[in-house]
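K.L.:
fold the stuff below for me.
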Amino acid sequence: MQIIRDLDEFQPESPVVLTQGTFDGVHLGHQKIITQLVTRAQQIDGKSVLLTFYPHPRLVLYPEDNELKLITSIEEKAKLLKSFGLDYLIILPFTKDLSRITPFGFIRDILVKKLHISTIIIGYDHRFGKNREGSIIEIEKYAQEFNYEVEQIPEQDINDCIVSSSQVRNALLSGDLELANEFMGRPFSISGIVVTGQQKGTELGFPTANLGKLDPFKLIPKKGVYAVKVIIANESHFGMLNIGTRPTFKLNELAIETHIFDFSDKIYGQEIEILFVKRWRDERKFENQEQLVQQLNTDNTEIKAFFKL
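P.N.:
You can find the predicted model right below:
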């Protein structure tokens, strides 16, 4: 998959089959569209193209609204999309100027003149252009004039896979990891660089890999303990992770700490990917370190048994 960030660099030599949207989380509903896109492109010996936007439009149009958290960073999204066999991912910088383009202008100047679409695959409820005034109606209206075909994903097909990015976000924030993972068809994940922590885990006999500063708009699931899978240098490991402020130590800063089972390598400065497999329990404040260690030993035993280690 080739990633394009400048529309002038896109020079396709085959028919372009395109879909567009933010695709945050790349959930099952998105996957249905992407699979149809790739299949259609293969049928006509064309190129499958997904057009997305960065930053997320809401972050540009409503900068004072800092409540929006994204399921996938742009890097995580690109990695996921690549796994579906896309030919091109086009990341269009979203600006206020872009938001002012009329639906007709977007179709003519971007989809046709810049991206040379042959076919566009779009959901019945997709909106685009100034004030989100564009819809499937405008897409179909100008199809004959600009010589492209339209494949609409019917309402029934979307309703058969009732899932939205908002539903995934709400599930993660409320602690319903099982539902979120079901909506996405895979475990929720976070990628980050391992940094030196306060060594509290080491003092307790459970050394941890602590993640450094993440994308400020990356969604962090509800505080608590999770059973996780950890990818380090393309190798899989298992562990238990805590998201929280470590109330037993009266610390206030949110930390993401992972104790990786049967692992002692120094990985400071390395990027790791953490897959959230199961939510285990809420974060708790203990009366003393001895009670905390006792609970950590229980978590360790139970989560290892869960993974059949």
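K.L.:
can you list the domain ranges for this structure.
P.N.:
2-161, 187-306 (automatic domain parsing).
K.L.:
what packs against the helix ranked longest in the chain?
P.N.:
In the chain, taking DSSP state H as the definition, the longest helix is helix 289-306. Here helix 289-306 touches helix 200-204, strand 224-232, strand 235-244, strand 271-281, going by 3 or more Cβ pairs under 8 Å, 6 or more residues apart in numbering; DSSP states H and E. (Glycine included, C-beta is placed from N, CA and C.)
K.L.:
and those: which comes nearest Gly29?
P.N.:
strand 271-281 (20.2 Å; Cβ to Cβ).
K.L.:
ok so, going back, now distance to Ala180 and mean pLDDT too, for the domains of the chain, in TSV please.
P.N.:
As requested, the domains of the chain are exported to TSV (distance: least, Cβ to Cβ, whole Å; pLDDT from 0 to 100):
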stretch	distance to Ala180	mean pLDDT
domain 2-161	8	91
domain 187-306	6	91
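K.L.:
in contact with Ile274, which residues?
P.N.:
Taking Cβ atoms under 8 Å, 6 or more residues apart in numbering, we find Ile274 in contact with Ser189, Ile190, Ser191, Gly192, Leu211, Val228, Lys229, Val230, Ile231, Leu241, Ile256, Thr258.
K.L.:
mind redoing it with 10 Å?
P.N.:
187-192, 209, 211, 226, 228-232, 239, 241, 256, 258, 260 (Cβ atoms under 10 Å, 6 or more residues apart in numbering).
K.L.:
secondary structure class for the spatially most central residue of the chain?
P.N.:
By Cα atoms, centre = their mean, the mean C-alpha position of the chain lies nearest to Thr72, the distance being 2.1 Å. At Thr72 the chain is in coil, as set by DSSP: H, G, I helix; E, B strand; the rest coil.
K.L.:
let me see the ranges of the helices in the protein.
P.N.:
Under DSSP H, the chain gives helices at 28-43, 57-61, 74-82, 96-99, 103-105, 136-141, 143-146, 155-159, 165-174, 177-184, 200-204, 289-306.
K.L.:
quick one: those as TSV, columns for distance to Glu273 and mean neighbour count too.
P.N.:
Converted to TSV, the helices of the chain look like this (distance: least, Cβ to Cβ, whole Å; neighbours: other Cβ atoms under 10 Å):
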stretch	distance to Glu273	mean neighbour count
helix 28-43	19	19
helix 57-61	24	15
helix 74-82	9	18
helix 96-99	31	12
helix 103-105	38	17
helix 136-141	36	15
helix 143-146	41	12
helix 155-159	30	12
helix 165-174	16	18
helix 177-184	15	20
helix 200-204	20	16
helix 289-306	18	15
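K.L.:
Tyr268: which of those helices is closest?
P.N.:
helix 200-204 (13.0 Å).
K.L.:
could you dump that closest one to PDB, C-alpha only?
P.N.:
The C-alpha trace of helix 200-204 is given here as PDB (Å, rounded to 0.1, in the frame of the first residue of the first chain):
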ATOM      1  CA  LYS A 200       7.400   1.300  41.500                       C
ATOM      2  CA  GLY A 201       6.700  -2.000  39.800                       C
ATOM      3  CA  THR A 202      10.300  -3.200  40.100                       C
ATOM      4  CA  GLU A 203      10.200  -2.400  43.900                       C
ATOM      5  CA  LEU A 204       7.100  -4.600  44.100                       C
END
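K.L.:
and the contacts of that helix?
P.N.:
206-210, 242, 246, 248-249, 251, 255, 257-259, 289-290, 292-293, 296-297.
K.L.:
dump the domains of the chain to a markdown table, plus distance to Arg169.
P.N.:
Listed next are the domains of the chain as a markdown table, based on distance: least, Cβ to Cβ, whole Å:
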| stretch | distance to Arg169 |
| --- | --- |
| domain 2-161 | 6 |
| domain 187-306 | 6 |
